[in-house]
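> prediction below, plus the sequence it came from.
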2 protein chains.
Amino acid sequence: MEYPDTKQQILNAAKSLFAQAGYRATSMRAITKRAGVNLAAINYHFGSKEALLEAVFERHIKPINEVRLRRLKVIKDEATRLNQKPEVSEILRAYIEPAVHLKETGKEGASFGMLVGRAFIDPDETVRKIFLRLTRPVSQLMLDLLGNALPELPKKVIFWRFHFVIGALSIAMSIYRNPKSKSAKIASEINTDSLTDLLIAFTQAGLEAPTKKNIPLLLDTI
Amino acid sequence: MEYPDTKQQILNAAKSLFAQAGYRATSMRAITKRAGVNLAAINYHFGSKEALLEAVFERHIKPINEVRLRRLKVIKDEATRLNQKPEVSEILRAYIEPAVHLKETGKEGASFGMLVGRAFIDPDETVRKIFLRLTRPVSQLMLDLLGNALPELPKKVIFWRFHFVIGALSIAMSIYRNPKSKSAKIASEINTDSLTDLLIAFTQAGLEAPTKKNIPLLLDTI
DNA sequence: GTCTATAGATTGATAGAC
DNA sequence: GTCTATCAATCTATAGAC
């Protein structure tokens, strides 16, 4: 008998298990058992457990970030062409929508979103390192565009507020995509479009909030 | 020779290592080595690795949540007494300030904030379970108070927006308290008061943001 | 209370037959 | 490419001397 898609089975199983229990807590035996393949198959096809994690991320995060980059560049070019500031809500939509809408292929549950949501803040250095490398170009462009859209804000305020956006998005994806969440009942009563709208409304208001009247609110310690 | 504070040494070492690498990736050997005590000391004093994690959380999170609860109850009573809505910014300050200000005792670096920041979203179920149990009363009261402060918002919108607040706070603490962060340069240029103000400004605007004009934005799927 | 020593289980990875 | 079998390292936890 042939096993044409052993790699695919491993990738899907690893994705689900990494998302549910985390990279560190997931053993290669658990992955291969779920994938219905032999234990040695991971090392044969990927080389190591870490290389498998990298393959899982590449496979799912790269497409998302390519869409984000493309949409953000369109916004940037359009703003340059019209010689006006880009809209914060459009920037956020280009950033948030591809992540939340994250389509799942195969019969596995919608679990990868959890992994993405957690990766930025994952305590495991291996996970963070790989994730940040894949996400850096998008983050750079986001900071650039938000700087253009909000020229009155100090760069450092934009830095922090952008990370608040990442935090909100991360936790939203963790809850929304986690089928076992205690909040699952509420989470199940919303669809991706509505969640996207909720996130954009919240983060847009936060990004555009006025800073404290009496500057300097920052750099008190310097 | 006496070792009167073996438990303390273990608690401090565990706190730092759990924060840096996560619960799962931290071995009992690493903890006892850093604490300068014998490997068997953890099981003698705490019973198990998981019980040690629980002790670390209890020791640091309980005081924070007690302060939060006390301050939130004051806000609630005051609003009831004056028969008016509580202020969103005051609610947020009572919730955020105790977490960000988190004082570190002992010579260990300010690392526990990282652990707190990550705990909510930690992929490891053991970590989340213990953390959520300790935090549930505060979360309940927050949802209650935010409901009073924002009566025009559907409960489900408040649910989601409160979790966005948690996400922003989590990531802020992870970055701020992580001495090895790539963003350490920027993070080091802000003090706790300024970070608190940044968080409140962002989350207050997000919580108070108008919902989409054309209801229903929610429950499209129900 | 602290130590050494080790049990007992699990891990990631590999060698070699097929 | 897939399998069995196993290695070597690591882990949590404990038994027992002091």
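It's in. Numbers count the residues shown, from 1 in each chain, chains lettered A, B, ... in the order given.
> CA atoms for contacts and neighbours, from now on please.
Fine.
> how many neighbours does residue A:6 have?
18 (other CA atoms under 10 Å in any protein chain shown).
> cool, residue A:186 as well?
Neighbour count for residue A:186, taken as other CA under 10 Å: 16.
> quick one: contacts of the helix or strand harbouring it?
Element membership for residue A:186, per DSSP states H and E: helix A:184-187. Applying CA atoms under 8 Å, 6 or more residues apart in numbering or on different chains, the external contacts of helix A:184-187 come out as A:175, A:176, A:178, B:156.
> mind listing what's buried in it?
A:186, A:187 (16 or more other CA atoms under 10 Å in any protein chain shown).
> what of stretch A:48-59?
A:49, A:52, A:53, A:54, A:55, A:56, A:57.
> can you put those residues in CSV and add distance to DNA strand D, pLDDT and secondary structure?
Converted to CSV, the buried residues of stretch A:48-59 look like this (distance: CA to the nearest atom of the strand, whole Å; pLDDT from 0 to 100; DSSP: H, G, I helix; E, B strand; the rest coil):
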residue, distance to DNA strand D, pLDDT, secondary structure
A:49, 14, 98, helix
A:52, 14, 98, helix
A:53, 18, 98, helix
A:54, 19, 97, helix
A:55, 16, 97, helix
A:56, 17, 96, helix
A:57, 21, 96, helix
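> ok, which of those residues also contact DNA strand C?
residue A:49 (CA under 7 Å from any atom of the strand).
> CA atoms only for the lowest-mean-pLDDT helix or strand in chain A, dumped as PDB, please.
In chain A, no helix or strand scores lower on mean pLDDT, DSSP states H and E than helix A:184-187, which sits at a mean of 73. What follows is helix A:184-187, C-alpha atoms only, in PDB (Å, rounded to 0.1, in the frame of the first residue of the first chain):
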ATOM      1  CA  ALA A 184     -16.800  28.500  24.000                       C
ATOM      2  CA  LYS A 185     -20.500  29.200  24.300                       C
ATOM      3  CA  ILE A 186     -20.200  32.900  23.700                       C
ATOM      4  CA  ALA A 187     -17.400  32.400  21.200                       C
END
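> tell me the first helix or strand C-terminal of that helix.
Assigned by DSSP H and E, the successor of helix A:184-187 is helix A:192-207.
> low pLDDT regions in chain A?
A:1-4, A:104-110, A:179-184, A:213-222 (pLDDT under 70).
> residue closest to the middle of it?
residue A:116 (4.5 Å; CA atoms, centre = their mean).
> who are the contact partners of that residue?
Residue A:116 neighbours (CA under 8 Å, 6+ apart): A:61, A:170, A:173.
> quick check: it vs chain B, distance?
11 Å (CA to the nearest CA, to the nearest Å).
> that residue sits in which helix or strand?
helix A:112-119.
> so does the next helix or strand after that helix get close to DNA strand C?
Toward the C-terminus, helix A:112-119 is succeeded by helix A:125-149 as the next helix or strand (DSSP H and E). No: Helix A:125-149 stays clear of DNA strand C (CA under 7 Å from any atom of the strand), getting no nearer than 12.3 Å.
> I'd like to know which of the buried residues of stretch A:48-59 is nearest to DNA strand C.
Among the buried residues of stretch A:48-59, residue A:49 lies closest to DNA strand C (CA to the nearest atom of the strand), at 3.9 Å.
> was I right to think residue A:146 contacts residue A:88?
Yes: between residue A:146 and residue A:88 there is a contact under CA atoms under 8 Å: 6.9 Å.
> which parts of chain A sit against DNA strand C?
By CA under 7 Å from any atom of the strand, the residues of chain A that approach DNA strand C are A:24, A:26-29, A:39-40, A:43-44, A:47-50.
> which ChimeraX command selects the buried ones in those residues?
Listed next is the ChimeraX selection for buried residues among the residues of chain A next to DNA strand C, using 16+ other CA under 10 Å:
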select /A:24,26,28,49
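> now the two most distant members of the residues of chain A next to DNA strand C.
A:24 and A:44 (20.3 Å; CA to CA).
> ok, now which ones touch the closest residue to residue A:206 other than its chain neighbours?
Leaving aside its sequence neighbours, residue A:206 sits nearest to residue B:202 (CA to CA, 6 or more residues apart in numbering or on different chains; 4.0 Å). If a contact means CA under 8 Å, 6+ apart, then residue B:202 has A:161, A:203, A:205, A:206, A:207, A:209 as its contacts.
> these two touch, right, the first one and residue A:204?
In other words, residue A:161. No: using CA under 8 Å, residue A:161 is not in contact with residue A:204; the gap is 10.1 Å.
> okay, the two: which has more neighbours?
A count of neighbours by other CA under 10 Å puts residue A:161 above the other of residue A:161 and residue A:204, at 26 against 23.
> what about that one, which SS state?
helix (DSSP: H, G, I helix; E, B strand; the rest coil).
> so what's it up against?
Counting by CA under 8 Å, 6+ apart, residue A:161 makes contact with A:206, A:207, B:198, B:202.
> just give me the neighbour total for the second one.
Just to be clear, that refers to residue A:207. So residue A:207, with other CA under 10 Å, has 27 neighbours.
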